[in-house]
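Visitor: next comes the sequence, and after it the predicted model I'd like to discuss.
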Amino acid sequence: MRTNQYLRNLNRVEFIITYACSGRCKHCSQGDHPDVGEVIDAEAAVKALREAAQNYSIKSIMTFGGEPLIYADRVYPIHKAASELNIPKRQLITNGFFSRDEENIRRAAHSLADCGVNDLLLSVDAFHEESIPMSYVKLFARALVEEGVPTRLSPAWLVSAEADNPYNTRTRELLFEFTSLGLPVGEGNVIFPKGKALKYLAEYIDPNAKDPYEDDPADIRSISIEPDNTLMGKSILDNDIMKILSRYTPC
Ligand code: SF4
């Protein structure tokens with residue numbers, strides 16, 4: 001049922017679990033976040049993933065937010081389904097701060113190992129540190145190492161990873177603290193002009209820099225299901241995902 005030419009190369013499904021977040025980062029491309037918020041329906045998300053995987057060669061999934069682990073019970077079944085479907089790359093982006101309870105933190109790391117997350121990106125940098133207590137993130141990082149969850153540190157760089165500025169200097173110090181726990185550093189991302197970054201970091205940012213996450217609208221490779229269960233403006237609660245995809249046009 002792959003009838004839409006604009007989705008001929010679709011190979012990735014992303015799930016924005018919630019826009020609620022435990023962080024208040026000044027570089028956040030999504031803008032302001034509430035403490036609690038709408039949250040994706042796990043059953044509908046799993047059904048949509050199964051149907052997409054039957055019709056497209058889905059190579060990767062990602063769950064993120066906001067902070068997805070505030071609603072960890074929605075994250076686990078999506079990854080479990082992706083594992084059962086043999087989708088090779090199963091990513092989660094988290095800031096690592098979703099609980100102050102050590103037992104909860106350890107349990108979450110265990111469940112993430114159990115459900116098959118195989119590329120966990122842990123946001124660690126000077127921007128996250130401003131609103132997130134790193135002691136809890138370190139507890140979580142240690143638990144991930146103990147549980148064997150493949151994890152990379154994922155810093156946000158200002159201007160570039162090589163640039164010298166006070167934020168990058170602090171980020172390098174933090175990364176040093178975390179790598180001593182045994183975690184590698186991934187490439188992270190360079191902050192681009194969107195959301196709060198435009199307001200608080202304008203002096204550092206090229207206003208014409210492109211959003212690195214935007215697809216060519218005529219060659220969509222990745223789709224995102226929103227916390228309100230919509231995809232391309234239509235609800236996956238009321239519509240079959242393949243019907244939604246078949247109706248997509250670039251304009
Ligand atoms: S950058 Fe991530 S952790 Fe920070 S406010 Fe935005 S979504 Fe939350």
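Guide: Looks like it came in fine.
Visitor: and the residue nearest to residue 60 when sequence neighbours are not counted, how far from residue 118?
Guide: Spatial nearest neighbour of residue 60, excluding adjacent residues (C-beta to C-beta, 6 or more residues apart in numbering): residue 89 at 3.7 Å. For every residue, glycine as well, the C-beta is placed using N, CA and C. In this structure, residue 89 and residue 118 are 7 Å apart, going by C-beta to C-beta, to the nearest Å.
Visitor: who has more neighbours, the two?
Guide: residue 118 (18 against 14; other C-beta atoms under 10 Å).
Visitor: do I have it right that the more buried one meets residue 92?
Guide: No - between residue 118 and residue 92 there is no contact under C-beta atoms under 8 Å: 9.4 Å.
Visitor: the residue of the stretch 151-251 of the chain found nearest the ligand: neighbour count?
Guide: Closest approach between the stretch 151-251 of the chain and the ligand, counting by C-beta to the nearest ligand atom: residue 156, at 7.3 Å. Residues within reach of residue 156, counting by other C-beta under 10 Å, total 23.
Visitor: residue contacts, residue 41?
Guide: 74, 229, 236-237 (C-beta atoms under 8 Å, 6 or more residues apart in numbering).
Visitor: separate out the buried members of those residues.
Guide: Neighbour counting over the contacts of residue 41 (16 or more other C-beta atoms under 10 Å) leaves 74, 229, 236 as the buried ones.
Visitor: so which of those residues comes closest to residue 200?
Guide: Distance to residue 200 across the buried ones among the contacts of residue 41 (C-beta to C-beta) is lowest for residue 74, with 30.1 Å.
Visitor: now that closest one, what's its secondary structure?
Guide: Per DSSP: H, G, I helix; E, B strand; the rest coil, the secondary structure class of residue 74 is helix.
Visitor: excluding sequence neighbours, find me the nearest residue to it.
Guide: Using C-beta to C-beta, 6+ apart, the closest residue to residue 74 is residue 42 (4.5 Å).
Visitor: I'd say the one you found and residue 72 touch.
Guide: No - counting by C-beta under 8 Å, residue 72 is not a contact partner of residue 42; they are 10.6 Å apart.
Visitor: and the nearest residue to residue 71 once chain neighbours are set aside, backbone torsions?
Guide: Setting aside the residues directly before and after it, residue 71 is nearest to residue 39 in space (C-beta to C-beta, 6+ apart), at 4.7 Å. Dihedral pair for residue 39: phi -140, psi 140, per degrees, to the nearest 10.
Visitor: hey, what's residue 39 bridged with?
Guide: Beta bridges link residue 39 to residue 18, judged by DSSP bridges.
Visitor: so who does it touch?
Guide: By C-beta under 8 Å, 6+ apart, residue 39 lies in contact with 17-18, 20, 71, 74, 227.
Visitor: mind redoing it with 10 Å?
Guide: Neighbour list for residue 39: 16-20, 65-66, 68, 70-71, 73-74, 227-229 [criterion: C-beta atoms under 10 Å, 6 or more residues apart in numbering].
Visitor: cool, residue 136 as well?
Guide: Applying C-beta under 10 Å, 6+ apart, the residues near residue 136 are 22, 95-102, 105.
Visitor: now do the contacts for residue 123.
Guide: 23, 25, 64, 67, 93-97, 132, 137, 153-156, 188-189.
Visitor: low pLDDT regions in this structure?
Guide: Applying pLDDT under 70 to the chain flags the ranges 1-2.
Visitor: grab the nearest non-local neighbour of residue 147.
Guide: Nearest non-adjacent residue to residue 147 (C-beta to C-beta, 6+ apart): residue 113, at 4.1 Å.
Visitor: I'd say the one you found and residue 146 touch.
Guide: Yes - with contact defined as C-beta atoms under 10 Å, residue 113 reaches residue 146; the gap is 9.3 Å.
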